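**Q** Mind folding the following:
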Amino acid sequence: MTSLLAFIGIGPVQLLVVAVVALLLFGKRIPEAMRGMGSGLREFKAGLRDADGELEDASSSAETHAAS
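**A** Alright, predicted model coming up:
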């Protein structure tokens, strides 16, 4: 990443200026966006847990039927 920024010619001062401008422009929207990303990530993890549980249930029932 550092070599890419050096290649483009962006230094730490320019990055700081861009970050400050972005904060001024989008300051009120950033917390809302982070909350949305957090709730989306939480829902994604819950979906993964549900899918994992369903796969375990299906594999255990398949093993039970195969053993019979």
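**Q** From here on, just use CA atoms for contacts and neighbour counts.
**A** OK.
**Q** Val21: which element?
**A** In this assignment (DSSP states H and E), Val21 forms part of helix 12-26.
**Q** any idea of the mean pLDDT for the next helix or strand after that helix?
**A** Per DSSP H and E, the first helix or strand lying C-terminal to helix 12-26 is helix 29-67. For helix 29-67, the mean pLDDT works out to 87.
**Q** Is Ile10 in a helix, a strand, or coil?
**A** Of the three states, Ile10 takes coil under DSSP: H, G, I helix; E, B strand; the rest coil.
**Q** Could you count how many residues lie near it?
**A** The burial count assigned to Ile10 is 12, neighbours taken as other Cα atoms under 10 Å.
**Q** Ser59 versus that one, what's the distance?
**A** Look at Ile10 and Ser59: by Cα to Cα, to the nearest Å, they are 53 Å apart.
**Q** again with Leu24
**A** 53 Å.
**Q** Need the mean per-residue confidence for the helix holding Val21.
**A** 90.
**Q** what angle separates it from helix 29-67?
**A** Helix 12-26 and helix 29-67 are oriented at 90 degrees to each other (axes from the mean of the first three to the mean of the last three Cα atoms, to 10 degrees).
**Q** Spell out for me which residue occupies the centre of this protein.
**A** Leu41 (6.0 Å; Cα atoms, centre = their mean).
**Q** residues near Leu55, how many?
**A** Leu55 is flanked by 12 other residues according to other Cα under 10 Å.
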